[in-house]
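Participant: A predicted structure for the sequence below; I have some questions about it.
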Amino acid sequence: MSATVLLLQLIVILGTARACGWLLRHLGQPAVVGEMAAGLMLGPIVMGALFPHWHAQLFPPTALAGLQALATVGLVLFMFVVGLELRSHQGMRSLIKSAGAVGILSVAVPLVLGVAISPLLYPALVPAGVGYWPFAGFMAAALSITAFPVMARILKDRGQTHTSFGQLSMGAAAVADMFAWILLAVVVAWTGASEGTAGLVKTGGGVLAMLVLLFLAVKPLFAWLLRRHARDGELSPAMMASLMLGLLGTALFSEWVGLHAVFGAFLFGAILPRDDRLLDPLVQRIEPMSIAVLMPLFFALAGLGTTSDAFVSGSLGLCLLVIFVAALGKIAGGAAGARLSGYGWRDSLATGSLMNARGLMELIVMKIGLDAGLIGPQLFTMLLLMALVTTAMTSPMLSLVQGRRVAPVVPQGESGNAGNCPP
């Protein structure tokens, strides 16, 4: 019976995701926004309200373990590809300073605004027993997140992945998310829901150990294996299995030290040799399955955790406030960072618009907050809607500030490799 339910769940989720993705693409949005909307539709707010009996039979809480496992695998595979592609770009070192400025300010501004609105959210939306400052810290982290995988998909859909503008944005997102995840780890430890001070020591020491291991042992090992067994970019089944073992092992270690598995997956992709002969076959084998089949499952699982209580009269105003502050903080912070790095106003606003995309990583942060008891279903639903709206804003704002022509973003006085980028 469990296999039958799982297969039916997959059919419904993937069919809904494809339909919503197709519709949103025809409305000028990337397919990922449609997939996020599909997750919301499959939750209790839409499907559960319209067809409560069918919804209860299709998505009982006891029959979601299979979806959880498949969704985690999808995230790990996709972030591995993102790490590979970011590592393959030339000229990334010239953008490190600018990416750092954008990343830091796109965390600092939303962080301050998240703390500022916490007094309005705390009395009405926080579960009993949660202190004010742990909640305020969580809101600061939640508003500071940029959806690294979703940004990568938006750039890919717009043909900007290999431009200096795309490299800047993804580099800044990596910086922003690292600071936001550190803050989130501190907040969760603060609540006592994790392992306290020992947990922080474990996370910090574990991250350092993982980086040392990756760069001093794993990187040279796989460079040697690929030179010997994949000289022409032909990956044998044994070599493919070795890569998957390295990927899953790094993701597992990342999860064990207190970070999410996606960071380990990204780092493993980033340390592999920069070689298009390796990149192309890996992307062709992995990316379609992770994007088209596995990632929509994560959006569906997020939708199942929502509640219609977030849209009652009093809560609706707070929901709109969260969305407004989240968008303002990311756009203003990202644009300020790019402007201070020498970019023009148009390119700076485009950078801030991209930093405003939250989708996937926001869902992970929301789930952590829910599991730690820092937020309840109402605020979880508000944050999900915020992630959907801010991600949906990204493409229209990019088109507005960049015009119809897709072009790389280059700082004033800095050429980079933009001359070789496609329009």
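Facilitator: Looks like it came in fine. If you're wondering where the values come from, they're calculated on a predicted model, not measured in any experiment.
Participant: quick one: low-confidence ranges for the stretch 251-400 of the chain?
Facilitator: Along the stretch 251-400 of the chain, segments meeting pLDDT under 70 span 259, 275-277, 313.
Participant: those strands in it, which residues are they?
Facilitator: Using DSSP state E, counting those that start in this stretch, no strands are found in the stretch 251-400 of the chain.
Participant: neighbours of the nearest residue to L304 once chain neighbours are set aside, just the number please.
Facilitator: Leaving aside its sequence neighbours, L304 sits nearest to G43 (Cβ to Cβ, 6 or more residues apart in numbering; 5.1 Å). Placement of C-beta: from N, CA and C, glycine included. G43 is flanked by 25 other residues according to other Cβ atoms under 10 Å.
Participant: Repeat that for the one 10 residues further on.
Facilitator: For H53, the count of nearby residues is 8 (other Cβ under 10 Å).
Participant: Ramachandran angles for it?
Facilitator: Main-chain torsions, H53, degrees, to the nearest 10: phi -70, psi -50.
Participant: For it, give me the pLDDT.
Facilitator: Here the pLDDT value assigned to H53 is 91.
Participant: With G205 instead?
Facilitator: 79.
Participant: Does M151 lie in a helix or a strand, and which?
Facilitator: Using DSSP states H and E, M151 falls within helix 148-157.
Participant: next SSE after that helix?
Facilitator: Later in the chain than helix 148-157, the nearest helix or strand by DSSP H and E is helix 164-191.
Participant: what's that next one packed up against?
Facilitator: Here helix 164-191 touches helix 65-88, helix 96-125, helix 132-144, helix 148-157, helix 196-213, helix 313-340, helix 345-355, helix 359-371, going by 3 or more Cβ pairs under 8 Å, 6 or more residues apart in numbering; DSSP states H and E.
Participant: which non-adjacent residue is nearest I13?
Facilitator: With sequence-adjacent residues excluded and distances taken as Cβ to Cβ, 6+ apart, I13 is closest to A300, at 4.5 Å.
Participant: what's around that neighbour, how many residues?
Facilitator: Neighbour count of A300, defined by other Cβ under 10 Å: 27.
Participant: Begin at 695, not 1, for the rest of this chat.
Facilitator: All set: I'll call the first residue 695, so the last point we hit is now A994.
Participant: list the contacts for it?
Facilitator: Each residue near A994 by Cβ atoms under 8 Å, 6 or more residues apart in numbering is listed here: 707, 710-711, 732-733, 736, 761.
Participant: Settle this for me: the residue nearest to L998 is touching G999, isn't it.
Facilitator: Yes. G737 is within contact range of G999, at 7.2 Å (criterion: Cβ atoms under 8 Å).
Participant: so how far is F960 from M872?
Facilitator: Separation of M872 from F960 (Cβ to Cβ, to the nearest Å): 11 Å.
Participant: neighbour count winner among those two?
Facilitator: Neighbours were counted for M872 and for F960 using other Cβ under 10 Å; F960 has more, 28 against 15.
Participant: was I right about the more buried one contacting L771?
Facilitator: No. Here F960 does not reach L771: they are 11.2 Å apart, not a contact under Cβ under 8 Å.
Participant: Weed out the non-buried ones from the contacts of A994.
Facilitator: Among those, those scoring as buried are 707, 710-711, 732-733, 736, 761 (criterion: 16 or more other Cβ atoms under 10 Å).
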